[in-house]
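>>> Sharing a model that was predicted from the sequence below.
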Amino acid sequence: MKSAARLSRTEAALRDAAGHVRYEVYMLCFIADEYPSIIRSPAVQEVENMALESFLVHYRNLRDFLFPTKPVKQPDPQDKRALDSVLALDFNQAWQKEAKDWKEVVHNERERINKQLSHVSYARSQLDPEWPLPKMKSALMQVFKEFLEGLPGERRQYFSQLTRWLPRALS
C-alpha cells in the first residue's frame, strides 16, 4: 500500500505551531544561558538535574523539528505521532534535512539523551554525565538560523520575535 504524502497545513495551523517552536527555542536558550548560575548556586542537585533535563528535552524537540528521524515526505498513515509532529518541512518544502544530516555535538548524542530522559535502562549509569550546553545550543541555533533564512517572507514573520534576539543566542 502506498503511503500518503505529508499533510499540508493551513497558514493558521502553521502560525499556531510556530508559537510552540518559538517556545522551544526560547527555553533552550534560556536554560543554556542560566545553567552556569544554577550549578554555581547553592541549589540542590534536583534543581540542577531539572534544568539539565529540561534543556535536553527542548534540544531533542528542536533537533527533531529540524532533522526528523522518520521519512517525512510519505509517512506511514498509521503513525499518528509522525503525522502530528511539527516539522521544519511544514514551513518550507525546500527544507529536506533528516536525522542522518545532523552532526552530533557529543558522541552518541541521540542515544544518550533518550536513555537519560526517556528510557530507564541498565546503561544509564555508564553514560557520560557531562553535557556541553553552550556548544549544543550554538550548533542548534546555527541550523535554526539557516532554517529561518530559508523561509518565505510571510512565514518568516511567524518567527519574527526570535529574529530580534537570535544573534545574541548564537554568541
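Yep, that arrived. Values in this document were obtained by computation on a predicted structure and should not be read as measured data. Residues are numbered from 1 along each chain as shown.
>>> Can you tell me the element His58 falls in?
Using DSSP states H and E, His58 sits within helix 45-66.
>>> Tell me what angle the longest helix along the chain forms with helix 45-66.
Scanning the chain for the longest helix, with DSSP state H as the assignment, gives helix 11-40. Note on geometry: by axes from the mean of the first three to the mean of the last three C-alpha atoms, to 10 degrees, helix 11-40 and helix 45-66 are set 150 degrees apart in direction.
>>> center of this protein, which residue is that?
The centroid of the chain falls nearest to Leu62 when counting by C-alpha atoms, centre = their mean (1.0 Å).
>>> Surely that residue touches Tyr26?
No. Using C-beta atoms under 8 Å, Leu62 is not in contact with Tyr26, being 10.7 Å away. C-beta here means a position set from N, CA and C on the backbone, and glycine is covered the same way.
>>> so where's the chain shaky on pLDDT?
Low-confidence segments of the chain, defined by pLDDT under 70: 1-5, 43, 71-82, 164-165, 167-171.
>>> Now with 50, please.
Counting by pLDDT under 50, the chain has low-confidence residues at 1-4.
>>> gap between Leu52 and Gly19?
For Leu52, the distance to Gly19 equals 25 Å [C-beta to C-beta, to the nearest Å].
>>> scratch that, Trp102 is what I was asking about
Remark: distance between Trp102 and Gly19 (C-beta to C-beta) = 24 Å.
>>> and what of Gln116?
Counting by C-beta to C-beta, the separation of Gln116 from Gly19 is 28 Å.
>>> what's the answer for Lys115, then?
In this structure, Lys115 lies at 30 Å from Gly19, with C-beta to C-beta as the measure.
>>> When the two are compared, which one has more neighbours?
Neighbours per residue (other C-beta atoms under 10 Å) separate Lys115 from Gly19, with Lys115 holding more: 17 against 11.
>>> show me the contacts for the more buried one.
With contact taken as C-beta atoms under 8 Å, 6 or more residues apart in numbering, Lys115 is in contact with 121, 123-124, 127.
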